[in-house]
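**Q** below are the sequence and a predicted model for it; my questions follow.
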Amino acid sequence: MSYIPVKRPKFSLLDKVYVVELVKGLAITLKHLVLSLLGKSRSKKDFNGKGVGACMPFPEQRWDAHMPDYYRGAPSLVRGEDGRERCVSCQLCEFICPARAIKITPGAVSPDAACQKQEKAPAEFEIDMLRCIYCGMCQEVCPEQAIFLSKEYLITVTDRKKAVRDKATLYKLGGTRKGLVNKWNQYK
Amino acid sequence: MSLIDTIWNWCVDLLSNEIWFYLITTVVKLVLMFAVILAFVVLSVWIERRVAGWIQDRPGPNRAGIPLQLFQRFGSKEKQPLKEWLHFFGIPETCWIAKLCTWLRLDREIPTFGLMQPCLDGGKLFLKQELTPSYVRKVYFTIAPMLVLGPPMVAAAVIPFASSVTTDFGTINMVVANIGIGPLWIFAISGLSVYGLTLAGWSSNSKYPFLGGLRATAQLISYEVAMGLSIIPLLMVFSTLNMQDIVQYQADNGWTLLPLWGEGLSWQRWALMAPLGLSFIIFVTCVFAEANRTPFDMAECETDLVGGYHSEYSSMKFASFFMGEYAAMVIGSALVVTLFLGGWSIGFGADEALHSVCSWLAVFCQFIMFLVKLVAFIFFFVWVRWTLPRFRWDQVMKLGWLVFLELAVANIFLTAAVLYFVK
Amino acid sequence: MSNNPTILPKDAAAAEGKVNVQINGKWYRFPKGTRIADACNSVGVHVPCFCYHPKLSVAGSCRMCLVEQGMPPRLAPGATPTYGEDGYQPIQWMPRAVIACANTVAENMGIRTDAKLCNEARRGVLEFLLTNHPLDCPICDQAGECKLQEYTTDYGSGTHRFTEDKTKKGKNISIGPRVNLDQERCVLCRRCVRFMKEIVGEEVLGVVGRGTHNAIACYPGTSLDSNYSMNVVDICPVGAMTSKDFRFKMRVWFLKSTPTIDVNCGTGTNINIWTREQQVYRITPRQNDEVNSCWMPDSHRLNYKYINAPERLLTPLVKTDHGAPQRPSTWDATLNMVVEQLHSCAPTETAIICSARMTNEELYMVRALARQLGVTKIDIVPRKGENDGMLVSDDRNPNTNGAKLILGKNGSGLAAIRRGIKNNSIRFLIALGEDVTEEAGIEAEDLEALDYILAMSHSENATTKAADVVLPGVTFAEKYGTMINVAGRIQRLNKAIEPQGEARPDWDILRQLTELLGCDCPRVIACPSPMIILEEMAQEFEAMKGLTWGNIGNGGVVIMDTGVTIPLIEREKGKK
């Protein structure tokens, strides 16, 4: 094991007495307090904040436009450009999910589906949003590019059962995604 | 008319009796003190959350108001405008009440700057499901929260919140219990609250609460010693243990830390500032430790002990701990204010002047002054909490035993020397 | 190496009929004629194989098991061999790798399985196999236990140089009532072809097409419908042969396997039960060369659906009055009620019909119950079928020998009980683990006429419907116990899942009932587990002397000589 020795700073007697440092600290926090109250907090512009502090007052003002690309919201299932359900119910996401939020009932593709080579598709796909921790492992593990974390962050339910999202809801949330690999070609 | 006269006479007779006079005034003071503390517990929670927010560039809880708009559809399907409501109660629109109501827009949510938030939190905790784990010691588990909330209330009895008023029936001293051992009483009683923490930790029958309880005990013992020793220089200067007399002395001769009038202007008094300042630092630190406030909240240190001694508690039992903690903070602030910041005294001779005008007015102003000082010191409490990171456990112990204890003892001798040579 | 320098290792080994072989630098001794692959695997050195299966003939077609091999240098005429300090001759390594499955070990042979040469060779083989493999692991039922997947992660190159179109072959072809074939996934190891030819003796599978269009197929007019067809699913190293029953049910990495035995016939086939969250998903055979080799019949393999079926009894059921409907009840109330009712039954008018599907421990408790009640009319229900000349025994009860040993009954007394019920001399019936309207041949009207029926069963049937009190027992997957198979071998049943609902293990129900009836024999009432009951039985029965749960092991122990043999095992032994 390699390690990097970190040199502890040498403290003078004044530092050790701590009172001066304490006063300095109190001054810093007081500065923040005063700036907040005056509505001049430092990162206010970045957050597009209003009023006291640098915060967005949530329901009136939303994150949506400021959301970075890497934002991890609720997981969703996507369709390819050909409209095919991309999930083949390999259950790797169910396996990897650290919170055990995913439950898949595997099934065969319907006989009238365009792509029969895929053979397998989820009969039911449930994600319990009360269990989901938005870690994104499902997206990372998916060999079919079928599950993606959407930017949806407003997840409020009035009932525990309503927090369990079924397949239809997940596909509706995910929609169609472009530029994915189409591997269920006959000759691939 | 005769009935009112009869009642009036009866009251006068009752108050003329010394014992009844004492009992009635004490009960009134008791209720007042109790109400003030409870109100301040709520207020300090609000201060804590708002100040924390401001310090961290956030607004803090600013939403909860008084939702009068709910009455807009009170009993009816459609929203009723304010005017119709006034009409419903038979108040004509031209009436001044109607005008006031309209001007105040009493059909909206009345903003309270978030002051309603602690009340709503209390309501939430009250309505929450209470979980008592099956493995706890039920009796001790139940009495522990009471033991935490009780002592600060009792300790508040000796804190004077104004000077005295002389009435026709006798003198009312604005302190619940005017006893000669004020600080001792406070130390003795507030030390009891640690039994609540220890019992909670032990009876939870779970490792983290247990460690939390142990830490609370060790911390209390360590800092109680330094705390007691640190005010001895003060008592040497005041030469009394009666809290009311201590404050009266400060009103006459300048606050302990601000001797700007009376005897306080003498250079001898200023020479005493060194030991008294040291006393103040030690005492305030110990109050922080006693109240289990950051940076000394080792007993409920969430990073290593989940929730410390109250990990297994929920609902109102948890709320008792929560309130107990803030009550201890309020009492600690009141004590610091009384001993070092002049208690109720307004200062600069204003107390005397007001007394000569009207003693009731003086007492009222002093009471307000006391509350203002209390709020200011509570703010300081909160300010420190959101500035300093929590100490490490060994640092806490080292600070208590190796620094403050020695300093406090040395400070006693320093004060004695100053008093002997200077005065 | 040897303390006595005058005796060379080769001579010492030869005296035992063995040869010295160096595997990855260490010397071992193996019997002459051992295959290199077997020798390596027996000492924990893994050799990857697709086509080689120890129970089948050697094909040597997959070339996956290539190892580097060396022999002592060939001597010039008249030269004497030289020996090193350790007594071995130096090894001269061959420049080309050899296949480990078709070659046998020889004296002073050297084998390297981890050499660069082997790894390169394996990587090449895998690259060829993967040129036409569809790479549909996400939908393949074999994923997770697929040899191609495992070896590709172990030895594969990780990249694909084959950019042309892949050969299109048949997918998802039904080649039998229970097996599906995917020709694209096939690596053409021909294990299935050899299995059907050599073990089952029905030649229905063969390889058709030429070159890259090679594929497994059924001969025209035939289908893979043998009762042993699903074994090809087990031996298929990839996902070419898949089970229709298990198709898309669950990924194998979620499943927990529990080693236990099959209870559908007297052979006591060794099996693994694969479960997830109290649900049984499949059963596969477990190798035991004395009982079932590596195989099991499909009829037994697929007979597990009743474990999680809705017909399972989940709570005790009682009739509060004669003719009243059955109502769910609690255990304590039911058992106390049963005790009261049994006390009022005259022992001479009571009969117990128990089952040879029960474990030895349960039968021991049945005997204790019968003794406590003073009932002498007690017997098992015999089940006879046809021996298929492979693994299915003519005795369709898994524990007839256990019943003979513990109860001393073999089903011959059942006719007397039946007559007694017919002529009203038996008024009370205790049916334990059997539906008496089926094999026992008691008619439904006769059951109606009885005064009292106590039934213990895991699922609803005609007897439990007629019973006054029903006690929910468990299936073989939910309990521990031992059974003695037709060849006299005692084997263990292991618990794979928890009892469904409020059902309790049968031995525990019987033990509690006996205790509540007033039994004070500590050997009965103080038994907390089937393991302890087994120890009690070991003290009582001569045949079981010295047996414990631990020393029975997963393979079982022969404890009695019945003279019955298992045809498939006899054939396998005869081949050697």
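**A** Sure, I can see it.

**Q** pull the distance from stretch A:127-138 to the chain's centre.
**A** Remark: stretch A:127-138 is offset 8 Å from the chain centroid, using CA atoms, centre = their mean, to the nearest Å.

**Q** contacting residues around that stretch?
**A** Here stretch A:127-138 makes contact (CB atoms under 8 Å, 6 or more residues apart in numbering or on different chains) with A:72-75, A:93, A:96-103, A:147, A:149, A:155, A:157, A:160, A:163-165, A:170. For every residue, glycine as well, the C-beta is placed using N, CA and C.

**Q** what about the residues you listed, which are in strands?
**A** A:75, A:102, A:103, A:147, A:149, A:164, A:165 (DSSP state E).

**Q** and the contacts of stretch A:127-138, which are buried?
**A** Among the contacts of stretch A:127-138, those scoring as buried are A:72-75, A:93, A:97, A:101-102, A:147, A:149, A:163-165, A:170 (criterion: 16 or more other CB atoms under 10 Å in any protein chain shown).

**Q** what about the helices in the stretch 301-450 of chain C?
**A** Taking DSSP state H, counting those that start in this stretch, the helices of the stretch 301-450 of chain C run over residues C:331-343, C:360-373, C:400-406, C:414-422, C:444-449.

**Q** JSON lines for these, including distance to residue B:339 and mean pLDDT?
**A** Shown next, in JSON lines, are the helices of the stretch 301-450 of chain C (distance: least, CB to CB, whole Å; pLDDT from 0 to 100):
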{"stretch": "helix C:331-343", "distance to residue B:339": "67", "mean pLDDT": "92"}
{"stretch": "helix C:360-373", "distance to residue B:339": "78", "mean pLDDT": "92"}
{"stretch": "helix C:400-406", "distance to residue B:339": "87", "mean pLDDT": "92"}
{"stretch": "helix C:414-422", "distance to residue B:339": "96", "mean pLDDT": "89"}
{"stretch": "helix C:444-449", "distance to residue B:339": "92", "mean pLDDT": "85"}
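
**Q** so which of those comes closest to residue C:522?
**A** Closest of the helices of the stretch 301-450 of chain C to residue C:522 is helix C:360-373, at 11.7 Å (criterion: CB to CB).

**Q** ok, back up a step: and the buried ones among the contacts of stretch A:127-138 as JSON lines, adding pLDDT?
**A** Listed next are those as JSON lines, based on pLDDT from 0 to 100:
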{"residue": "A:72", "pLDDT": "90"}
{"residue": "A:73", "pLDDT": "91"}
{"residue": "A:74", "pLDDT": "93"}
{"residue": "A:75", "pLDDT": "94"}
{"residue": "A:93", "pLDDT": "94"}
{"residue": "A:97", "pLDDT": "94"}
{"residue": "A:101", "pLDDT": "94"}
{"residue": "A:102", "pLDDT": "94"}
{"residue": "A:147", "pLDDT": "94"}
{"residue": "A:149", "pLDDT": "93"}
{"residue": "A:163", "pLDDT": "92"}
{"residue": "A:164", "pLDDT": "94"}
{"residue": "A:165", "pLDDT": "93"}
{"residue": "A:170", "pLDDT": "93"}
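
**Q** one step back: now, which of the ones in strands among the contacts of stretch A:127-138 sits nearest chain C?
**A** Taking CB to the nearest CB as the measure, chain C sits nearest to residue A:103 out of the ones in strands among the contacts of stretch A:127-138, at 10.4 Å.

**Q** OK, contacts around that closest one?
**A** Going by CB under 8 Å, 6+ apart, residue A:103 touches A:94, A:124, A:125, A:126, A:127, A:128.

**Q** which parts of chain A sit against chain C?
**A** Taking CB under 8 Å from any CB of the partner chain as the measure of proximity, chain A contacts chain C at A:88-92, A:94-95, A:106-108, A:117-120, A:143-144, A:183, A:186-188.

**Q** let's see which of those residues end up in helices.
**A** The helices, defined by DSSP state H, take in A:92, A:94, A:95 from these.

**Q** can I get those in CSV with neighbour count?
**A** Output for those, formatted as CSV (neighbours: other CB atoms under 10 Å in any protein chain shown):
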residue, neighbour count
A:92, 23
A:94, 21
A:95, 17
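
**Q** so what are the domain limits for chain B?
**A** Per automatic domain parsing, the structural domains of chain B span B:15-63+B:120-422, B:66-110.

**Q** chain A too?
**A** Split by automatic domain parsing, chain A gives A:13-56, A:75-174.

**Q** which one of the ones you listed has the lowest average pLDDT?
**A** For those, the weakest mean pLDDT is recorded on domain A:13-56, namely a mean of 81.

**Q** list the contacts for whichever residue of the stretch 301-450 of chain C sits closest to chain A?
**A** Nearest residue of the stretch 301-450 of chain C to chain A: residue C:308, at 14.8 Å (CB to the nearest CB). Each residue near residue C:308 by CB under 8 Å, 6+ apart is listed here: C:278, C:279, C:280, C:500.

**Q** repeat that for residue C:347.
**A** Residues near residue C:347 by CB under 8 Å, 6+ apart: C:373, C:374, C:375, C:376.

**Q** spatially nearest residue to it (excluding sequence neighbours)?
**A** With sequence-adjacent residues excluded and distances taken as CB to CB, 6 or more residues apart in numbering or on different chains, residue C:347 is closest to residue C:374, at 3.8 Å.

**Q** wait, a strand at residue C:58?
**A** No - using DSSP: H, G, I helix; E, B strand; the rest coil, the secondary structure at residue C:58 is coil, not a strand.

**Q** correct me, but it touches residue C:101?
**A** Yes - using CB atoms under 8 Å, residue C:58 is in contact with residue C:101, at 5.4 Å.

**Q** pick the most deeply packed of the domains of chain A.
**A** Of those, the one with the most neighbours on average (mean count of other CB atoms under 10 Å in any protein chain shown) is domain A:75-174, at a mean of 17.

**Q** what's the end-to-end length of that domain?
**A** Counting by CA to CA, to the nearest Å, you get 8 Å between the two ends of domain A:75-174.

**Q** show me where pLDDT drops low in the stretch 301-423 of chain B?
**A** B:423 (pLDDT under 70).

**Q** quick one: the helices in it?
**A** Secondary structure of the stretch 301-423 of chain B (DSSP H, counting those that start in this stretch): helices at B:302-305, B:315-340, B:350-357, B:359-385, B:393-398, B:405-422.

**Q** packing partners of the last one?
**A** Taking 3 or more CB pairs under 8 Å, 6 or more residues apart in numbering or on different chains; DSSP states H and E as the contact definition, the neighbouring helices and strands of helix B:405-422 are helix B:207-230, helix B:232-238, helix B:267-271, helix B:273-290.

**Q** gap between the first one and the chain center?
**A** Put plainly, it is helix B:207-230. Using CA atoms, centre = their mean, the offset of helix B:207-230 from its chain centre is 21 Å.

**Q** near chain A, anything from it?
**A** No - Helix B:207-230 lies apart from chain A when judged by CB under 8 Å from any CB; the minimum separation is 15.4 Å.

**Q** give the buried residues for that helix.
**A** B:208-220, B:222-230.

**Q** neighbours of residue C:59, how many?
**A** 18 (other CB atoms under 10 Å in any protein chain shown).

**Q** before we move on, back to that, okay, and which of the residues of chain A next to chain C map to strands?
**A** The strands, defined by DSSP E, take in A:106, A:107, A:108, A:120 from these.

**Q** quick one: contacts for the third one?
**A** With contact set as CB under 8 Å, 6+ apart, residue A:108 has these partners: A:119, A:120, A:121, C:247, C:248.

**Q** residue C:440: which of these is nearest?
**A** When the contacts of residue A:108 are compared for distance to residue C:440 (CB to CB), residue C:247 comes out closest, at 37.5 Å.
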